[in-house]
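J.: What shape does this take:
(one chain, ligands or ions: 1)
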Amino acid sequence: MSRVDQLFEAAKAARARAYAPYSNFKVGAALLTKGGKLITGCNVENAAFPEGVCAEGGAISAMILAGETEIAEALVIGDAALCTPCGGCRQKLKEFAGPDVVVHVADLNEVKRSFTVAELLPAGFELNEKD
Ligand SMILES: [Zn+2]
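T.: Reported below is the predicted structural model:
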């Protein structure tokens, strides 16, 4: 199985566990870390809508918990024509991924498009203090 296929299957399995009773829009995310770990996340909604978390954010939290801080490749899956990461998640991905890291965007059948982090978030915010 190719690396992208592995990311796709992992994200799809994560999506199946999403908690989205309000929108019924389930999203899954999978991250391959520089250390070789495959880490997933799903969206988790809340009755107080802004308190929900995106699949990418959940995956990033799990990645940090697993002791990894560098994303090598990512995939987001949702039942939409192009389920790209929201603006906030683009900034979250940038924190842990270089500008050339590829983020694949898939529907339930296949990868539809692939973007670099720089394409998703040109001129993203960065503190000068960060090394
Ligand atoms: Zn998001």
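J.: Mind pulling up the pLDDT for the residue positioned nearest the centre of the chain?
T.: The centroid of the chain falls nearest to E56 when counting by C-alpha atoms, centre = their mean (3.3 Å). Per-residue confidence (pLDDT) for E56: 98.
J.: and E45, backbone torsions?
T.: Dihedral angles of E45 (phi, psi; degrees, to the nearest 10) stand at phi -80, psi 170.
J.: So, low pLDDT: which residues of this structure?
T.: Residues of the chain that meet the criterion pLDDT under 70 lie in 129-131.
J.: measure the residue nearest to the centre of the chain to M1 for me?
T.: Distance, E56 to M1, using C-beta to C-beta, to the nearest Å: 22 Å. In short, each C-beta sits where N, CA and C put it, glycine included.
J.: Tell me where this protein has helices.
T.: Per DSSP state H, the chain has helices spanning 3-16, 55-65, 87-96, 117-120. These are given in chain order.
J.: Need the winner for burial among these.
T.: helix 55-65 (a mean of 20; mean count of other C-beta atoms under 10 Å).
J.: got the angle between that helix and helix 87-96?
T.: 30 degrees (axes from the mean of the first three to the mean of the last three C-alpha atoms, to 10 degrees).
J.: Could I get the CA-only coordinates of helix 55-65 as PDB?
T.: C-alpha atoms of helix 55-65 as PDB (Å, rounded to 0.1, in the frame of the first residue of the first chain):
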ATOM      1  CA  ALA A  55     -10.100  16.700  12.700                       C
ATOM      2  CA  GLU A  56      -6.800  18.300  11.900                       C
ATOM      3  CA  GLY A  57      -6.600  19.900  15.400                       C
ATOM      4  CA  GLY A  58      -7.500  16.600  17.000                       C
ATOM      5  CA  ALA A  59      -4.800  14.900  15.100                       C
ATOM      6  CA  ILE A  60      -2.200  17.500  16.000                       C
ATOM      7  CA  SER A  61      -3.100  17.100  19.700                       C
ATOM      8  CA  ALA A  62      -2.600  13.400  19.400                       C
ATOM      9  CA  MET A  63       0.700  13.900  17.500                       C
ATOM     10  CA  ILE A  64       2.000  16.100  20.300                       C
ATOM     11  CA  LEU A  65       0.900  13.600  22.900                       C
END
